[in-house]
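S.K.: show me how the following folds:
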Amino acid sequence: MMLYHNATAFLFAALVLRAQVPPDPAEYLDAIARTAATFAATAPRLMAEETLKQRGRRSFVEVLRDAKKDEIRNLEIQLPEDFSVHEVVSSWGFAAFGEAQVLHEIRKIETMDGEAVSDATEARHAMTIGLQSPDDRTKRELLEDFENNALEGAVTDFGQVILLFEKRRQKDYDFTWAGERHLGNQSAAVIRYRQVSGHDGLTVFKETTAQRQPTEGEVWLRTSDLLPLRITINTVETLSKKYRIRTEATVDYTPSRFGLVPLSVTHKQFLNSALMVENDLHYAAFERADTMVP
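M.R.: Predicted coordinates:
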C-alpha cells in the first residue's frame, strides 16, 4: 500500500513538473513570422470602413506637441477635467510608401460626430485612387487626415503591428512563454515579448516627424492553428524626471477572405497615471482597392 501511494505521488509530481516546463517558443515564433510575411503581401491596397470613438483632453495633447524638452522640464501640468468626445467614420486602408514600400494606414474621413465631412462615395473614390497611386504625396495627404481634422489624439499605424515580428526582426526581441488563456471561446497560447535592439518599434506621428518607441507586450496565438489573434503593446516615453507618457494598446485580428485583418484597436495614453486620450477603433466591410474601378 505504501509503495502504491509513493508511485502515485511520484507520478503526480512528474505531471506537475511537466506542466510547469514552458514549451519551446521556436514553433510559435515561426508561426508568427509566417503570418507576418503573409500579411505584408496581402495588406497593401486593402480597404475597410473604420469607426473611431475617442475621448481625450485634446488641448493638453496640443501643449505637449508644441512644447520643447526644456519647456516640458519646467512645466507644472494641470490636466483639464473635461474630455472631448468624438465619433469618426472613415474610409480606411493600407498603403505602401517610399522606396522601401513601408506600410502605413491612410484614411479619408466621411463623418465626424454625425456631420458629413466628405461624401461617402467620394471618400471611397479618393481612397481607391490613393491606394493605387505610385505618388507618395497623394498617399501622405490621406495619411494626415486625422491631423487635418483636429484629431490630434487619434492614433495611426497600429493595424499592421504584426509586421514588427517578421522573421528578420525577431532578433530585436526577447520572447518568453506566458501560458495559455482564452480569447472569447478560443484557447490561446501567449508569448511575451520585449524589444532589446533595432530601430523598429511603435511609430508615433507628431506633426511631420515619426518617433519610434521601444515596445513590449504579448502575442496571443490560437492554439488550434497558431494564428495570431491579439497583440498587446506597452511603451513609456520620459518627458522629464516628473512626467512620463505611457501608452497601452490592444490590436485584435481576425481571419478573412483577404487573409488576416485588424478587427479592432483599443488605445490609451496616460500622463503618469492620468488618462489623456482613449481611442476605440473597429473595422468592417473589407475589400481590395485593386479590384475596384477608381
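
S.K.: okay, and the helix or strand of this structure with the least pLDDT?
M.R.: Lowest on mean pLDDT, DSSP states H and E among the helices and strands of the chain sits strand 202-206, with a mean of 45.

S.K.: burial measure for the residue nearest to I233 when sequence neighbours are not counted, as a count.
M.R.: Excluding its sequence neighbours, the residue lying closest to I233 (CB to CB, 6 or more residues apart in numbering) is A249, at 4.3 Å. For the C-beta atoms, the positions are set from N, CA and C on the backbone; glycine is no exception. A249: 21 surrounding residues under other CB atoms under 10 Å.

S.K.: quick one: secondary structure of A249?
M.R.: Classification of A249 using DSSP: H, G, I helix; E, B strand; the rest coil returns strand.

S.K.: kindly report the same for I77.
M.R.: Assignment for I77 (three-state DSSP): coil.

S.K.: look up how far R244 lies from it.
M.R.: The gap separating I77 from R244 is 12 Å, by CB to CB, to the nearest Å.

S.K.: now I162
M.R.: Remark: distance between I162 and R244 (CB to CB) = 27 Å.

S.K.: of these two, which one has the most company?
M.R.: Using other CB under 10 Å as the criterion, I162 and R244 rank with I162 on top: 22 against 14.

S.K.: on the three-state scheme, the more buried one is what?
M.R.: In the three-state summary, I162 is assigned as helix, counting by three-state DSSP.

S.K.: and it, what does it touch?
M.R.: Neighbouring residues of I162 by CB atoms under 8 Å, 6 or more residues apart in numbering: I32, T35, A36, F39, P228, I231, V251, Y253, L260.

S.K.: L221 is in contact with the fifth one, correct?
M.R.: Think P228. Yes - contact criterion CB atoms under 8 Å: P228 and L221 qualify, at 5.4 Å.

S.K.: overlap of the contact sets of the two?
M.R.: Shared contacts of P228 and L221 (CB under 8 Å, 6+ apart): A31, I32.

S.K.: that older thread, among the contacts of I162, which are located in helices?
M.R.: I32, T35, A36, F39 (DSSP state H).

S.K.: let me know the secondary structure of E27.
M.R.: helix.

S.K.: how about the nearest residue to it, chain neighbours excluded?
M.R.: Spatial nearest neighbour of E27, excluding adjacent residues (CB to CB, 6+ apart): L226 at 7.2 Å.

S.K.: my guess is the one you found contacts A31, does it?
M.R.: Yes - assessed by CB under 8 Å, L226 is found in contact with A31 at 3.6 Å.

S.K.: can I get stretch 260-268 in CSV, CA atoms only?
M.R.: Taking Å, rounded to 0.1, in the frame of the first residue of the first chain, the C-alpha atoms of stretch 260-268 are listed here in CSV:
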residue,chain,number,x,y,z
LEU,A,260,-5.6,38.2,-41.5
VAL,A,261,-7.1,41.7,-41.0
PRO,A,262,-7.4,44.0,-38.0
LEU,A,263,-10.8,43.7,-36.2
SER,A,264,-10.3,46.4,-33.6
VAL,A,265,-7.7,48.6,-31.9
THR,A,266,-8.1,49.9,-28.3
HIS,A,267,-5.5,52.5,-27.3
LYS,A,268,-5.0,54.5,-24.1
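
S.K.: buried sites along stretch 219-227?
M.R.: Of all the residues in stretch 219-227, those buried under the rule 16 or more other CB atoms under 10 Å are V219, W220, L221, R222, L226, L227.

S.K.: can you tell me how far the last one is from K108?
M.R.: Right, L227. 30 Å.

S.K.: pLDDT weak spots in the stretch 1-150 of the chain?
M.R.: For the stretch 1-150 of the chain, the stretches with pLDDT under 70 are 1-23, 58-76, 98-101, 118-150.

S.K.: please redo it, this time with the cut-off set to 80
M.R.: Along the stretch 1-150 of the chain, segments meeting pLDDT under 80 span 1-25, 57-80, 96-102, 117-150.
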